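Trainee: sequence below, structure please.
(one chain, ligands or ions: 1)
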Amino acid sequence: MTPFLAAIAIPAVITFGYISLCAVSPFGPCRKCQGLGFALETTRRGKPKRGKDCRRCRGVGRRLRTGRRIHNAWTRTYRNGTR
Ligand SMILES: [Zn+2]
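Mentor: This is a model prediction of the structure:
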């Protein structure tokens, strides 16, 4: 494969992979709590313990992927703009 072809093909594969990821699983783990839904605190003995609920995802541990959020905004705008 020539470098020119590779320069087109590799980003295209990555983009297509991300689009299909957004289609298959629109929710990813929360970046702040790594999908746990709460902060980790340690007890005085050093044992990890459940802390406060994550404010970013309100304890759900999931977030809408950026690509899916763009898709939803696009769809909403399109639907509102057409009859
Ligand atoms: Zn969270």
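
Trainee: now Ala23: how far from the ion?
Mentor: Remark: distance between Ala23 and the ion (C-beta to the ion, to the nearest Å) = 23 Å. Heads up, the C-betas are built off the backbone N, CA and C, glycines and all.

Trainee: swap in Gly35?
Mentor: Distance from Gly35 to the ion, by C-beta to the ion: 7 Å.

Trainee: try Val60
Mentor: Taken as C-beta to the ion, the span from Val60 to the ion is 7 Å.

Trainee: where's Leu21, which helix or strand?
Mentor: Here Leu21 sits within helix 3-24, counting by DSSP states H and E.

Trainee: if you count neighbours, what's buried in that helix?
Mentor: Cys22 (16 or more other C-beta atoms under 10 Å).

Trainee: and it, how far from the chain's centre?
Mentor: 17 Å (C-alpha atoms, centre = their mean, to the nearest Å).

Trainee: what do you get for stretch 31-43?
Mentor: 17 Å.

Trainee: contacts for it, please.
Mentor: 29-30, 48-57, 59-63 (C-beta atoms under 8 Å, 6 or more residues apart in numbering).

Trainee: ok, the most centrally placed residue in the chain - contacts?
Mentor: Nearest residue to the geometric centre of the chain (C-alpha atoms, centre = their mean): Arg65, 3.1 Å. Each residue near Arg65 by C-beta under 8 Å, 6+ apart is listed here: 21-22, 25-28.

Trainee: these: which two are farthest apart?
Mentor: Leu21 and Phe27 (10.9 Å; C-beta to C-beta).

Trainee: element containing Arg55, please.
Mentor: Applying DSSP H and E, one finds Arg55 in no helix or strand.

Trainee: with Trp74 instead?
Mentor: Going by DSSP H and E, Trp74 is in helix 66-81.

Trainee: touching, Arg62 and Cys54? I think so.
Mentor: No - between Arg62 and Cys54 there is no contact under C-beta atoms under 8 Å: 10.4 Å.
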